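Student: Build me a model:
(chains A and B)
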There are 2 protein chains.
Amino acid sequence: MTQLEQARKGTITPFMRAVANSEGLEAEQVRAGVEDGSIVIPANVNHENLQPCGIGKGLRTKVNANIGTSSDFGDVNTELAKLRAAEGAKADTVMDLSTGGDIRSIRRSIAAATSLPLGTVPIYQAGIEAINRWGAIVAMPVDHLFSVIQEHAEDGVDFITVHCGITRKAVDRLKQSPRLTDVVSRGGAFTIAWMLHNGQENPLYEHFDRLLEIALRYDVTLSLGDGLRPGSLADASDRAQIEELLTIGELVDHSRAAGVQVMVEGPGHMPLDQIAANVQLEKIVCRGAPFYVLGPLVTDIGAGYDHISAAIGGAIASASGADYLCYVTPSEHLALPDAEDVREGVTATRLAAHAGDIVKGVRGALDWDRAMSLARKKLDWKEQVRLSLDPEKSSRVRGQHQTSGSGCSMCGQYCAMELVANYIGTTPGRC
Amino acid sequence: MTQLEQARKGTITPFMRAVANSEGLEAEQVRAGVEDGSIVIPANVNHENLQPCGIGKGLRTKVNANIGTSSDFGDVNTELAKLRAAEGAKADTVMDLSTGGDIRSIRRSIAAATSLPLGTVPIYQAGIEAINRWGAIVAMPVDHLFSVIQEHAEDGVDFITVHCGITRKAVDRLKQSPRLTDVVSRGGAFTIAWMLHNGQENPLYEHFDRLLEIALRYDVTLSLGDGLRPGSLADASDRAQIEELLTIGELVDHSRAAGVQVMVEGPGHMPLDQIAANVQLEKIVCRGAPFYVLGPLVTDIGAGYDHISAAIGGAIASASGADYLCYVTPSEHLALPDAEDVREGVTATRLAAHAGDIVKGVRGALDWDRAMSLARKKLDWKEQVRLSLDPEKSSRVRGQHQTSGSGCSMCGQYCAMELVANYIGTTPGRC
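Tutor: All right, here's what the predicted structure looks like:
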């Protein structure tokens, strides 16, 4: 039985209890959230040693790190180093998006090396194998796509991105209202190329029940991908994007009816004042399904700094109700990230998630800031380092410049905290 | 005559024309903005070779870089290197916040080395000189404070932060409603310590007319500092902060009546959902005076990543109507920044300012994103690098990983842009 099916029977599973513990909530609250679909716990029955993670309403906003090879770089050890970087920076989940080397073997290595929930995008492997076996992505037999999904499920993958909402109707809408950057989702591009070449409906939409059967058997959480997400600010919130969202909303209903856990993926590139509306729309149209956003990136010109662009959008999204942020690294739009990019991307995204959690009133979020500010007032540097987002970095930055004062080298002898402690006397002073 | 006085007479000055040219606006629009106070052009009559910069309504959101020595690090050459880093990263203005070494000589070296508008906080020098001459900040004679302000004006400083809004009443409100982190502004702490020790009103408030006389003579723009800005999320938008803002609003009226250009400084640490309200309140209470915000930082726990925390807050502030963002570097709360911190801080803040400009509809803002997205669709890498926020970094990141495809090493052979160009055919394809 899936977590959803068990929640419906009133069962509090060990995973629900573990999620509740880590969030400081009552287990019943988590069970009820899984039952009504506002929370998912991606947990493939074949995933051994999984440390379960809840995603959704009332929970801390989660951060995903994408790793994986590309056709240019197929080395599994590089990916394992990126996995360790993601874990070290405290990512909540990882996705293996490998498209190079021995994809299955790399996935199994990553799965064996982590206890974090693992996600994949099976159509990458299916499309690449289609090129190798039949000469083109568009030559991919439908059965092959489903056999790859089955393989991912057997391998213990906890959630899969499936671009089920790209229908013929959505592609028609896309053609009728041309975009600046058409389709920027790789899975979306694979799917649309296949559909147009073969003149057929998206197999993941047409045979959605077949997908549900696999998901149900292994308790694979479906992450309904937004293949038509905007890839530039000019295309944000357009008809094609919203058409796909409407279909995704219907598929959320079908998934839940089948007992399958489901969440929804979102944009993308978007002016920052459209983000709250997009989150709200998803929550309504998809009946409260957890929302997993990529960024959003609030400008197209941030190459080299897209982790910051995504942090801006992610913080606003999280504050508006998004539940799960996919990180973006400084390499986005330029190159495959390396381990240092992974670390920077995860940390920037954690900061964004936390800034949103403060606004959402997530349990314990503001307490963290309060404790940090108290340590700052006390000039308690050990505690400030411990409480910072990345203790290693704050310790290193502080250590780069020595100070003769008890504050830091920016204010030296003229620390406002000290001055006020001496003259106003409402503070406990230096420690 | 100040720019404001000239605008009132209907004169379009060469600086107004230069600002209009750089913004792609009509000169008359800039003149009208200076007249009604919604735009300032900080331009001390003694500042030679100034490249004027407009700040305010309808203009591109500007970015300031703080440089300057501390009591721990007094070397002028380090500060000149930071100045070059700020200019290289395209800061619009710089502030010299030196509190170490020979403060006047450092200021003059910085002023001589840049054509950017220069700001200072004269009370730093006045307070430190008071320590050296009379043993304590609180022993500072009022005349000394004004003589230092006069000196900054003579030296060609274009705008000065003056914490005129900290009144006895504001300090009372602060005491009646205690804060987690009391006062975190250095100038604010100097001022309050002086007031409490001497049992007197803030001299910059009590003798505001004396300040206006100096500002008028040299056309120094007043930047009314928020000495009571919140230093932690818990203190944001509290009574003391808003009390000070109300007084600042009144002082905006007095400044304008005297023909003195004026802008207003704002927070600080703040949950992101309070930012828009703070910007709106400033615009009403201060009758449209340009708003210059420090961050805002959307969490207290970002040490090491506070440039990202500030980029989140700054983007929201800019989108909500803030006109001018003071950068924050990765060293904030930890150490005096170095040149690399300056570069990172300026770039992150420029990204935030631009994300806001898109929402505000600043002329040409979205065109930049459109051009970048078009280059991306065409896989025109030379143009993508040229159009990116930091061409040197995007070129370097892209070059780190070679690709066999015409896209980038992330997608390698499986670039969505290429796939769609080949199958949908609405794109111009690779270049």
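
Student: Show the contacting residues for residue A:220.
Tutor: A:42, A:44, A:152-153, A:157-160, A:214, A:260 (C-beta atoms under 8 Å, 6 or more residues apart in numbering or on different chains). C-betas here are computed from N, CA, C, even on glycine.

Student: Generate TSV for those, with secondary structure as supplementary columns.
Tutor: Output for the contacts of residue A:220, formatted as TSV (DSSP: H, G, I helix; E, B strand; the rest coil):
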residue	secondary structure
A:42	coil
A:44	coil
A:152	helix
A:153	helix
A:157	coil
A:158	coil
A:159	strand
A:160	strand
A:214	helix
A:260	coil
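
Student: If we only consider these, which is nearest to residue A:202?
Tutor: Checking those against residue A:202 by C-beta to C-beta gives residue A:160 as the nearest, at 15.2 Å.

Student: Which strand residues bridge that closest one?
Tutor: Applying DSSP bridges to residue A:160 gives these bridge partners: residue A:120, residue A:222.

Student: Tell me the spacing between it and residue A:153.
Tutor: Here the criterion is C-beta to C-beta, to the nearest Å. By it, residue A:160 lies 8 Å from residue A:153.

Student: try residue A:145
Tutor: Distance from residue A:145 to residue A:153, by C-beta to C-beta: 13 Å.

Student: So between these two, which is more surrounded?
Tutor: residue A:145 (26 against 23; other C-beta atoms under 10 Å in any protein chain shown).

Student: Can you tell me the element the closest residue to the more buried one other than its chain neighbours falls in?
Tutor: In space, and not counting its chain neighbours, residue A:145 is closest to residue A:126: 4.5 Å by C-beta to C-beta, 6 or more residues apart in numbering or on different chains. In the assignment (DSSP states H and E), residue A:126 maps to helix A:122-134.

Student: how about that helix: buried residues?
Tutor: Buried residues in helix A:122-134, counted by 16 or more other C-beta atoms under 10 Å in any protein chain shown: A:122-130.

Student: Could you check how many residues crowd around residue A:105?
Tutor: Neighbourhood size, residue A:105 [other C-beta under 10 Å]: 11.

Student: Helix, strand or coil: sort out it for me.
Tutor: helix.

Student: I'd say it and residue A:76 touch.
Tutor: Yes - between residue A:105 and residue A:76 there is a contact under C-beta atoms under 8 Å: 7.1 Å.

Student: Wait, residue A:139 touches residue A:132, no?
Tutor: No - the pair residue A:139 / residue A:132 is not scored as a contact, 10.6 Å apart, by C-beta under 8 Å.

Student: pLDDT score assigned to the residue nearest to residue A:145?
Tutor: pLDDT, residue A:126: 97.

Student: For it, list the residues it contacts.
Tutor: A:140, A:144-145, A:148-149.

Student: If we use 10 Å, what do you get?
Tutor: By C-beta atoms under 10 Å, 6 or more residues apart in numbering or on different chains, the contact set of residue A:126 is A:103, A:137, A:140-142, A:144-149, A:151-152, A:187, A:190, A:194.

Student: Can you flag which of these belong to helices?
Tutor: A:103, A:142, A:144-149, A:151-152, A:187, A:190, A:194 (DSSP state H).

Student: Show me which of the residues you listed are buried.
Tutor: Neighbour counting over those (16+ other C-beta under 10 Å) leaves A:103, A:142, A:144-146, A:148-149, A:151-152, A:187, A:190, A:194 as the buried ones.

Student: between these, which is nearest residue A:349?
Tutor: Of these, the one sitting nearest to residue A:349 (C-beta to C-beta) turns out to be residue A:187, at 21.0 Å.

Student: Go ahead and list the helix or strand containing the residue in the stretch 1-150 of chain A that chain B sits nearest to.
Tutor: Residue of the stretch 1-150 of chain A nearest chain B, by C-beta to the nearest C-beta: residue A:71 (3.2 Å). Under the criterion of DSSP H and E, residue A:71 resides outside all helices and strands.

Student: tally of neighbours for it?
Tutor: 20.

Student: Show the backbone phi and psi for it.
Tutor: phi -60, psi -20 (degrees, to the nearest 10).

Student: for the nearest residue to it once chain neighbours are set aside, what are its contacts?
Tutor: Nearest non-adjacent residue to residue A:71, counting by C-beta to C-beta, 6+ apart: residue B:412, 3.2 Å away. The neighbours of residue B:412, taking C-beta under 10 Å, 6+ apart as the test, are A:69-74, A:99-100, A:336, B:401, B:403-405.

Student: Fine, thanks again, bye for now.
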